[in-house]
Structure formats: structure tokens, C-alpha cells
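Student: have a look at this fold, sequence not included:
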């Protein structure tokens, strides 16, 4: 029930100097890259361009030990009810443990996995051309991101569509692409009551029947714990899971059904194996060489020690373009809390804002602010060394795509270098800027072209993006979020913040029938009247 600011290490951390210089740190330590490179299953991290030195590192380690990070980790892994506000265990790691492991619920997990993968193979053998997955939040972001990331491994001719928004434009854009006899709809809702998902499911069923579909049970499946409600809808193939599987951690469960259909059972098992390998690294590696621990501690230092309020994630791989959105839920829903485990208000900041875009697109959008803006924003670059395409290119095309991949990697490395090194005004004065206004004084122009540098970044390096490495990468982020939450002393596994708006929405909807705004605040009342066309 403790928290970070009640430790001696926290006080020591807050007293450390803030004026670290990356240039000086590299000059002082020729082996800095070796010191700050950590390898874990599927991914290698170069942390050397971060604003950390030995004093910061040692104090963070003391903080981790004083906060009992190892004991909190072990409690999660053995199935203690660490989600105290809901009285639940947190066992997404059990979903990827090998069969026969001593992890909790191992037999039940593998029974559910076998059933799900058997159905996935059955679907892959049928003349199904389109799979439409309807979920939202954790039931959508994970599968959608993973299918995009592993596009090169998706069964040829199979198209996956992800519909999440209650806005009918989302579903309406997909339906014209489909033929009822060649389509499978998956309804992903743990309770089978999620407003957005059920609205899309009802509309999809109406389209299916109107377009000549004859057998709802053969073309609809559900991943839900409410088999009765699914049966009432007309669905007989229902794959359930447990209350110790949180939504944003559910990709490893039957919620991963669309991914299993896309890449097949063998590849899905490799995906689980990658995550399990990272679980073992998290459980067994010494804290000093434990990548999730080191990243989580770095997040605490940046948020609380240096006051950085956001972090940008820049995956230099088109397949990972949805990773920033996935990480937004994982981190901001988990650690966007303002009270500790005992319900006491926190006197310090918790989750940063997580945001980003795929490189090199982001370079032509928001990187200007990263380099010269008034806020210092740590950046996380993800680079994949070996490209993999769904259809292997040949001849001139292969050469051109290889050159593009070299440009991609060079851009990612160069951006991290530029953030660190910057450019002095003196350097800018010595350069020629062909597009500059010739009437502007050289001194003024040089100040416009000065980069402060000393802006931190992390390089996450993958040899290749495949099912194993993707599983490991996602698990790395999960455990990193756990570590920072454990340090802060918050519950990273509830999400009460999403409830209030949903409850108020359910109270507003009946007003479309009653046409009454009685008891509402003036702004909401005016908004309703506008929605009614008044």
C-alpha cells in the first residue's frame, strides 16, 4: 500500500542534478553505448541517448528495491489478487505459458486455446474471404495492431476488417466490400453488452440477412463470457475467457481469434512463445539487466524527476503504424490514475501522454516540435533490420525496395542523432540555407536554424518483425507499464475513468424519446437540442 514518495530513494532521486548533458556523458564514457544497451528476447534496447548517468541509475535501482518491485512482480505472476479495487488476479502472463507449466489455470487456458485455434483453422479451410471483427478498446486495438504488424504472414486472399466505432460510417465503409457467403463476423465483447460493439453487431446481422445470408450461426462467432446473450443473438460458436483477463491485456486470449485466423495456429503459438520468453526475462533477469524494469524506471525519472509530460513513439515500420494507438490504451488507461492503492490523492504525476506516428511520416508532421519546440519530449524509435513482404520482390523491384529500407533505417538513426546533437548558432552561421530569405540578417536566420539538442531518445531494435518478436515486444511494454505503476503505488489494472461517461450516455439516450432536457446543465441541454435539430 506504499508509494514512491514515501521512500528515502525518492527523496534522493528528487535531489539529483537535472542538468545532464548527453554530449558530456558520451565524452566522459567511451563505453556508454555498451553500458546502456540491454538485450531481451526479440528486442535490443540502446538507452545511451537518455538523460541518465550512474547516479540516476543507482538511485532508481534503490527506488525499485525500496518499493519492492520484485515482490510485486512475483505476486502478479503467482496469481495474487493485485487488482484490489475489483478483487481480481492479473494473469495475462498465464495465457502464454506453455502447456504443462505450473502457472495458474494452465489446463483451462490450453483447453480454451486449443478450441480457439481449431476454429481458426476451420475458418481458414472454408471459402471465407473476409473476416470482420467487431470490438472496441482492448477487444479491438490489440488484434487490429497485431494483424497489421504481421501482414506478411496473413493467409493470401484473406482480408481482415476491424470495426470499432459506434459511428455507423465505420461499418458502412466495410459492408460494400463483402459477400455474405464468404464473410465471417466476430463479435468481441466480454459481457456481450458493450454498447458500441452490440450496435455494430446488430447492424451487421441486419445487413447479412438483407443481403441474402441464410445462416447466422455459420457466419457469426463471439469471443465473450456471456454465452447466453450470444445465443440469443443467434451465435452458437462462443469462446469465453476469465475475469482475470483485463481488456487491454486480452490479445493473448480468445480475443486474439482474428489474429489466429489471419496467421494460423502455428504462428499464433510463436506469438505466445515470444511473449512468454519476455515474461521469463522479466521474472528472472537481475534488475540491472532487466529491460522492462529499466524502461519503467526511466519513465518514472522522466515523469517525476525531469517533468516530461509526454512520450512519442515512432515505429519505423509501416506494419507497426497502429502501435502508438495500442500503447495509448495500455499505458494511459493503466497508469492514468490520481490516487494510490489506499485511495489517497497523489502529490506527483503519473502516466505521460503517449502518442506518435510511423516514420518517416512523422518526420514531416510533428518532428519540428520535437527538435525545436519548447517542450522536451522523449522519443522512442523502433527499427526493424530485415524487411519482410507478403510477396517477396524480385529483380529491379527488390533492389529498389532494399534501397528504400536502407533509407528508412538511416532516417530513424539520423533523427535520434539530431535530437541528441542539435546544432549551435555558430554552426548555423557557417552553413548556406538555399531557401532562406536573402533579406534576413544572417544572425537572425542562424537563430531560427539553431537546435538545442540534448533531447533524449531510446532505440528499440528488432532483427525482424515476426510473430515471436511482436509477442515479445508487446509483453515488454506490458511489464514496463507494470513497473512504473508499482513504483508509484497505484492500481494499474482497473479503469474506473471510462465508466462515468458511459453511464451518463445511457441516461441521455432516452431523452431522444422524451425530448426533455430537464435537470441537465445548460451546455449539455443545448447540445441535445442541436442534435435534435432544434
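Tutor: All right, it came through fine. Here the structure is a predicted model, which means the values were calculated and not measured.
Student: alpha carbons only for contacts and neighbour counts from here, please
Tutor: OK.
Student: next SSE downstream of the lowest-mean-pLDDT helix or strand in the chain?
Tutor: None of the helices or strands of the chain scores lower by mean pLDDT, DSSP states H and E than helix 499-508, at a mean of 94. Downstream of helix 499-508, the next assigned helix or strand under DSSP states H and E is helix 511-514.
Student: next helix or strand past that following helix?
Tutor: helix 522-531.
Student: how much does that following helix deviate in direction from helix 499-508?
Tutor: With axes from the mean of the first three to the mean of the last three Cα atoms, to 10 degrees applied, the angle from helix 522-531 to helix 499-508 works out at 50 degrees.
Student: what comes up buried for the least confident helix or strand of the chain?
Tutor: For helix 499-508, the buried set under the neighbour-count rule, 16 or more other Cα atoms under 10 Å, comprises residue 508.
Student: what of stretch 513-529?
Tutor: Residues of stretch 513-529 classed as buried by neighbour count (16+ other Cα under 10 Å): 517, 525, 528.
Student: what is the end-to-end distance of it?
Tutor: Distance between the two ends of stretch 513-529: 13 Å, counting by Cα to Cα, to the nearest Å.
Student: what's the span of stretch 373-384, first residue to last?
Tutor: Taking Cα to Cα, the first and last residues of stretch 373-384 lie 28 Å apart.
Student: got the contact list for that stretch?
Tutor: Residues from elsewhere that reach stretch 373-384 (Cα atoms under 8 Å, 6 or more residues apart in numbering): 308-317, 369-370, 409, 412, 416, 455-465.
Student: mind splitting the protein into its structural domains?
Tutor: 4-66+286-388+456-490, 92-270, 500-531 (automatic domain parsing).
Student: which residues of the stretch 51-200 of the chain fall in strands?
Tutor: In the stretch 51-200 of the chain, the strands defined using DSSP state E, counting those that start in this stretch lie at 130-134, 159-163, 183-188.
Student: what packs against the second one?
Tutor: Pointing back at strand 159-163 there. Packed against strand 159-163 by the contact rule (3 or more Cα pairs under 8 Å, 6 or more residues apart in numbering; DSSP states H and E) you find strand 130-134.
Student: tell me which strands the strand it packs on pairs with, and in which orientation.
Tutor: Strand 130-134 pairs in its sheet with strand 159-163 (parallel), strand 183-188 (parallel), by DSSP bridges.
Student: residue closest to the middle of this structure?
Tutor: The chain has residue 327 as the residue nearest its centroid, 2.2 Å off, counting by Cα atoms, centre = their mean.
Student: my guess is it contacts residue 356, does it?
Tutor: No: using Cα atoms under 8 Å, residue 327 is not in contact with residue 356; the gap is 9.7 Å.
Student: sorry, back to before: which of the contacts of stretch 373-384 fall in strands?
Tutor: Here DSSP state E is the test, and the contacts of stretch 373-384 give 310-316, 457-464 as lying in strands.
Student: which of those residues are buried? Put it as a PyMOL command.
Tutor: In PyMOL syntax, the buried subset of the ones in strands among the contacts of stretch 373-384 is picked out as below (16+ other Cα under 10 Å):
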select buried, resi 310+311+312+313+314+315+316+457+458+459+460+461+462+464
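Student: tell me where the longest helix sits in this structure.
Tutor: Counting residues, the longest helix found in the chain (DSSP state H) is helix 395-421.
Student: distance check, residue 87 against residue 494.
Tutor: Computed as Cα to Cα, the residue 87 to residue 494 distance reads 10 Å.
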